[in-house]
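1. dropping a prediction and its sequence here:
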Amino acid sequence: MATYLADTNLLLRIVDPASPLHAVAIDALAELLGRGDELFLTAQNLIEFQAVATRPLESKGFGWNSEQTAKEVAEIQKRFPMLLESADVFTRWLALVQQLPIQGNRVYDARMVAVLQANRIDHLITFNVSDFAAFASTISVIDPRTVVKGA
């Protein structure tokens, strides 16, 4: 049994039937859970989800209201266990951003990596594998398209 930390982009594809990657996200999730693997979330996932879900459509968001977003966040929380975020997460994050060439929005990716490391999670599953290239020597990054049988 393997453990996975979901990147927020996987969650966004799961709840967006209009996304071209919706079926891939659903199928990858079904495959992982079907073979007994575990998929975890962190608070950062739900914060990022809230930001995208409530952002206007013209700004690449879903344009959802707060009520619809809160309902979806509650459903996500029911389906996936949340990882604890100890002080070790900050220590690991700080080491990552100081040791690697991490700048700008990549600091948020470094935080996901720090949560993964602090909780001894095996893999990060994301559609944005290239976003985590700087961490390739320290974590296992999985593209959902590689999980789906026949993909």
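-> That came through, no problem. Everything quoted here is computed from the prediction, not taken from an experiment.
2. so what's the residue count around Asp7?
-> Look at Asp7: counted by other C-beta atoms under 10 Å, it has 25 neighbours. (Glycine included, C-beta is placed from N, CA and C.)
3. burial measure for the spatially closest residue to it that is not a sequence neighbour, as a count.
-> Among residues not flanking Asp7 along the chain, Thr126 sits closest, at 3.4 Å (C-beta to C-beta, 6 or more residues apart in numbering). Other residues lying near Thr126 total 22 when counted by other C-beta under 10 Å.
4. what of His123?
-> His123 has 19 neighbours, counted by other C-beta under 10 Å.
5. which stretches of this structure have low pLDDT?
-> 149-151 (pLDDT under 70).
6. one step back: looks like the residue nearest to Asp7 contacts Asn9 (just checking).
-> Yes: using C-beta atoms under 8 Å, Thr126 makes contact with Asn9 at a distance of 6.0 Å.
7. before we move on, back to that, from Ala133, how far off is the residue nearest to Asp7?
-> Applying C-beta to C-beta, to the nearest Å, the value for Thr126 to Ala133 is 11 Å.
8. swap in Met1?
-> Distance from Met1 to Ala133, by C-beta to C-beta: 27 Å.
9. tell me the secondary structure for Phe40?
-> strand (DSSP: H, G, I helix; E, B strand; the rest coil).
10. got the contact list for it?
-> Residues in contact with Phe40 (C-beta atoms under 8 Å, 6 or more residues apart in numbering) are Thr3, Tyr4, Leu5, Ala6, Phe80, Pro81, Met82, Leu83, Asn119, Ile121.
11. would you confirm that Val107 contacts Leu100?
-> No: counting by C-beta under 8 Å, Val107 sits too far from Leu100 to count as a contact (10.5 Å).
12. who's more crowded, these two?
-> For Val107 and Leu100, the more surrounded residue by other C-beta under 10 Å is Leu100, and the numbers stand at 15 against 12.
13. find the nearest non-adjacent residue to that one, please.
-> Closest to Leu100 by C-beta to C-beta, 6+ apart is Ala134, at 4.9 Å.
14. how far away is the one you found from Glu72?
-> From Ala134 to Glu72 the distance is 31 Å (C-beta to C-beta).
15. now the helices for the chain?
-> 8-15, 22-34, 43-54, 66-79, 87-99, 106-118, 144-147 (DSSP state H).
16. and the contacts of the fifth one?
-> The set of residues external to helix 87-99 that reach it, using C-beta under 8 Å, 6+ apart, is Ile102, Val107, Ala110, Arg111, Val113, Ala114, Val115, Gln117, Ala118, Phe135.
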